[in-house]
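> this one's sequence-less:
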Ligand code: ZN
């Protein structure tokens, strides 16, 4: 799956795209794993509410201040790497009835922390025994 991010930091809801990938495979019951092979991005599962999206970015900024990192001597993006470490780079979710079996208020987000860039996600959908 490819994503073209459009700003330096951005949360992109990829739930519908993952559901399309699941539908394409024909898997009814199983596991969907989405993995970001980048070091300045993340995958999170939470509520797609505009205020909350801003709060998430604000909170990781508070946790990881802007300056004072050794890695900034290399390419000046230590903060992006550190925020990615905190959020994590993959999610594993149940599949049921041919789609993601998420909670009512859950969405899956790709988190850009050092964009804009062209990004690539690895998605694996595994069938398990029907219950
Ligand atoms: Zn770097």
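Thanks, I have the structure now. Since we're looking at a predicted model, the values are computed, not measured.
> Show me the helices in the protein, by range?
Secondary structure of the chain by DSSP state H: the helices cover 15-25, 50-63, 72-75, 78-87.
> Ok, which of the ones you listed comes nearest residue 6?
Checking the helices of the chain against residue 6 by C-beta to C-beta gives helix 50-63 as the closest, at 14.6 Å. C-beta: built from backbone N, CA, C; applies to glycine.
> want to try TSV for the helices of the chain, with mean neighbour count as columns?
Converted to TSV, the helices of the chain look like this (neighbours: other C-beta atoms under 10 Å):
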stretch	mean neighbour count
helix 15-25	16
helix 50-63	12
helix 72-75	11
helix 78-87	19
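> can you redo those as a markdown table with distance to residue 109 and mean pLDDT?
What follows is the helices of the chain, written out as a markdown table (distance: least, C-beta to C-beta, whole Å; pLDDT from 0 to 100):
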| stretch | distance to residue 109 | mean pLDDT |
| --- | --- | --- |
| helix 15-25 | 8 | 98 |
| helix 50-63 | 8 | 97 |
| helix 72-75 | 25 | 96 |
| helix 78-87 | 9 | 98 |
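> With respect to the ion, which of those helices lies nearest?
helix 72-75 (4.2 Å; C-beta to the ion).
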